[in-house]
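**Q** Please find the sequence and the predicted model below.
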Amino acid sequence: MTIYLMQRLSLPLNSFINNYVNDFLCLPLLLGAMTFVIQRLKNDNSFQFSIGFVVFLAGYYSFYFEYYLPGVNSRYTADWIDVILYFSGGFVFFFSEKQKTKDFRHRNL
């Protein structure tokens, strides 16, 4: 939210933060929200997405935002670094969730 608000208010941001942090945080935030909703709907706090789903979602976002949209709307630009950041964010989310589950199970033994 801070980055978004600073961008909307035209406040100065480091170019790395301005151009790349949102792409890195996109999948962890989306997957975190989706996990929360599914866990509540299923009443299953142990639900986690598979690595296959995380890879699929990162691939989908990469294709849609870095290939498709730049071809049909000049507002969007393709950037291969964003692709790396989508996948990196997805993997960070996946492995941090695995670690949280492992730590939780270890504490409850």
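**A** Noted; the coordinates are in hand.

**Q** wait, what's in contact with the spatially most central residue of the chain?
**A** In the chain, the residue lying closest to the centroid (CA atoms, centre = their mean) is Leu27, at 1.1 Å. Residues near Leu27 by CB atoms under 8 Å, 6 or more residues apart in numbering: Val54, Leu57, Ala58, Tyr61, Tyr86, Gly89, Gly90, Phe93. Using the backbone N, CA and C atoms, a C-beta is placed for each residue, glycine as well.

**Q** ok, the second one to Phe87 distance?
**A** To Phe87, Leu57 is 10 Å away according to CB to CB, to the nearest Å.

**Q** on that earlier part again, and which of the contacts of Leu27 is nearest Asn45?
**A** Taking CB to CB as the measure, Phe93 is the one of those closest to Asn45, at 16.7 Å.

**Q** element containing the residue nearest to the closest one when sequence neighbours are not counted?
**A** Residue nearest to Phe93 in three dimensions, not counting chain neighbours: Pro28, with 4.1 Å by CB to CB, 6 or more residues apart in numbering. Using DSSP states H and E, the element containing Pro28 is helix 22-42.
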